[in-house]
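S.K.: Output the structure for:
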Amino acid sequence: MSPDPFDDADERLDAREIDGEPFGDVVAALDGLDEGESLCLVNGFEPVPLYDVLAERGFEHETANLADDEWHVEITRP
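M.R.: Reported below is the predicted structural model:
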């Protein structure tokens, strides 16, 4: 695995390890964040559809592509 640019995130969720649709797990993890905390979401593809959901809910995000099948998204509750 490549070095994680968001290794300082408060929480981590590797969606590649979830059986089935991970959206519910992602939302639950985001709901658990306090103001100023961040979640590093690891995914096998760039989760572009998630970006609109994050914006609608007031989250900020930064994305890093570490390999063809490894994307890290740091999501922060401002």
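
S.K.: and residue 28, how many residues sit next to it?
M.R.: 10 (other C-beta atoms under 10 Å). Bear in mind the C-beta positions are built from the backbone N, C-alpha and C, glycine included.

S.K.: State whether it is indeed within a strand.
M.R.: No - using DSSP: H, G, I helix; E, B strand; the rest coil, the secondary structure at residue 28 is helix, not a strand.

S.K.: List phi and psi for residue 44.
M.R.: Here is the backbone geometry of residue 44 (degrees, to the nearest 10): phi -80, psi -10.

S.K.: What's the separation between it and residue 18?
M.R.: As defined by C-beta to C-beta, to the nearest Å, residue 44 lies at a distance of 11 Å from residue 18.

S.K.: Once you drop chain neighbours, what's closest to residue 51?
M.R.: For residue 51, ignoring the flanking residues on the chain, the nearest one in space by C-beta to C-beta, 6 or more residues apart in numbering is residue 61 at 6.6 Å.

S.K.: Give the partner strands of whichever strand or helix holds the one you found in its sheet and their orientations.
M.R.: For residue 61, the element it lies in under DSSP states H and E is strand 60-67. Strand 60-67 has these partner strands in its sheet, going by DSSP bridges: strand 70-76 (antiparallel).

S.K.: so where do the strands sit in the protein?
M.R.: Secondary structure of the chain (DSSP state E): strands at 11-14, 38-43, 60-67, 70-76.

S.K.: Show me what the second one packs onto, helices and strands only.
M.R.: By that I understand strand 38-43. Strand 38-43 sits against strand 11-14, helix 23-31, strand 70-76, with contacts defined as 3 or more C-beta pairs under 8 Å, 6 or more residues apart in numbering; DSSP states H and E.

S.K.: Quick check: which of the ones you listed is nearest to residue 57?
M.R.: Of all the helices and strands packed on strand 38-43, helix 23-31 sits nearest to residue 57, with 7.2 Å by C-beta to C-beta.
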